[in-house]
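Enquirer: When you get a sec, could you give me coordinates for this:
(one chain, ligands or ions: 2)
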Amino acid sequence: MAKRGMLIVLSGPSGVGKGTVRKALFEDPTVDFNYSISMTTRQPRDGEKNGVDYFFVTKEEFEDHIKNGEMLEYAKYVDNYYGTPLKYVNDQLNAGHDVFLEIEVNGALQVRANCPDGVFIFLTPPDIKELRNRLVGRGTDNIDIINKRIQKASKEIRMMQNYDYAVVNDTINNAVSQIKDIVKSERLKVKRVMPDYLTSLGDDI
Ligand SMILES: Nc1ncnc2c1ncn2[C@@H]1O[C@H](COP(=O)(O)OP(=O)(O)OP(=O)(O)O)[C@@H](O)[C@H]1O
Ligand SMILES: Nc1nc2c(ncn2[C@@H]2O[C@H](COP(=O)(O)O)[C@@H](O)[C@H]2O)c(=O)[nH]1
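Expert: Ligands and ions are numbered 1, 2, ... in the order given. Next up, the predicted model:
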């Protein structure tokens with residue numbers, strides 16, 4: 001049986017740059033993570049594609065997935081559901097592939113409870129003013145939604161204490177390189193290395 005893959009969870013307030021950093025990370029030829037596409041009831045933004053950016057579903061469809069136990073985690077965020085389909089994550093981890101989730105904090109806490117072996121990384125902005133600048137600069141949300149997201153952000157940043165690592169997204173390159181370093185050192189943790197090592201020693205020990 002393949003060694004189970006590593007679950008990497010990236011969270012942080014809306015607009016901090018999770019998606020941008022994730023895309024840059026996935027362009028790195030040395031990185032081989034499988035991205036778990038989330039499901040949401042939010043309307044697609046211009047250019048977003050179903051099955052690429054999200055699985056876009058209705059509220060009723062999302063609630064059916066919850067009822068059927070098909071979500072690893074889910075949360076309501078600014079009037080919409082967001083969640084991680086369970087099957088893809090389980091299948092990939094069981095096949096030995098590393099899986100990368102990009103989710104908000106309440107969902108990450110649920111994952112932490114179910115998958116304590118995951119690596120939990122909190123991406124944080126250099127300051128709140130810059131977070132607002134990024135949300136405004138992205139140009140995808142109206143001012144009412146931006147204010148709701150900023151309001152949530154101050155609470156979310158306090159939840160950083162539930163994570164293993166904090167990465168400041170000052171520049172995309174710095175954030176990518178720190179996440180790569182984190183994953184590299186996680187692979188060397190005794191709890192990950194020891195089972196394989198003991199097996200390799202055989203029964204004589
Ligand atoms: N290090 C950075 N420096 C300057 N701008 C950045 C940086 N990282 C991301 N941005 C910009 O900030 C905006 C928000 O980024 P992005 O959409 O990746 O955030 P997000 O955390 O994924 O948001 P959401 O959670 O709402 O999906 C984008 O316009 C992006 O280009
Ligand atoms: N708990 C979850 N949160 C998720 C998931 N996918 C995305 N998100 C987070 O929702 C907010 C808003 O996203 P947006 O695309 O509308 O800007 C943001 O923090 C995302 O990271 C998920 O599967 N579960």
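Enquirer: in which helix or strand would I find the residue of the chain found nearest ligand 2?
Expert: With Cβ to the nearest ligand atom, the shortest gap between the chain and ligand 2 falls at residue 107, namely 2.3 Å. The way it works is simple: take the backbone N, C-alpha and C, and place the C-beta from them, glycine included. Applying DSSP states H and E as the criterion places residue 107 in helix 105-114.
Enquirer: Could you tell me the angle between the direction of whichever helix or strand comes after that helix and that of helix 105-114?
Expert: Using DSSP H and E, the helix or strand that follows helix 105-114 towards the C-terminus is strand 119-124. Angle of strand 119-124 versus helix 105-114, following axes from the mean of the first three to the mean of the last three Cα atoms, to 10 degrees, is 160 degrees.
Enquirer: name the helices or strands packed onto the helix or strand just after strand 119-124?
Expert: Following strand 119-124 in sequence order, the next helix or strand is helix 128-138 (DSSP H and E). Secondary-structure packing of helix 128-138 (3 or more Cβ pairs under 8 Å, 6 or more residues apart in numbering; DSSP states H and E): helix 143-158.
Enquirer: quick revisit: who touches the helix holding residue 107?
Expert: 7, 9, 11, 72-75, 77, 82-84, 101, 103, 118, 120, 156, 159, 162-163 (Cβ atoms under 8 Å, 6 or more residues apart in numbering).
Enquirer: do that helix and ligand 1 meet at all?
Expert: No - using Cβ under 6 Å from any ligand atom, helix 105-114 stays clear of ligand 1, coming no nearer than 10.8 Å.
Enquirer: before we move on, the earlier item: run through the contacts of helix 105-114 and flag the ones next to ligand 2.
Expert: Within the set of these, contact with ligand 2 (Cβ under 6 Å from any ligand atom) is found for 73, 75, 77, 82, 83, 84, 103.
Enquirer: Close to ligand 1: what parts of the protein are there?
Expert: Counting by Cβ under 6 Å from any ligand atom, the residues of the chain lying close to ligand 1 are 12, 14-20, 134, 137-138, 169, 171-172.
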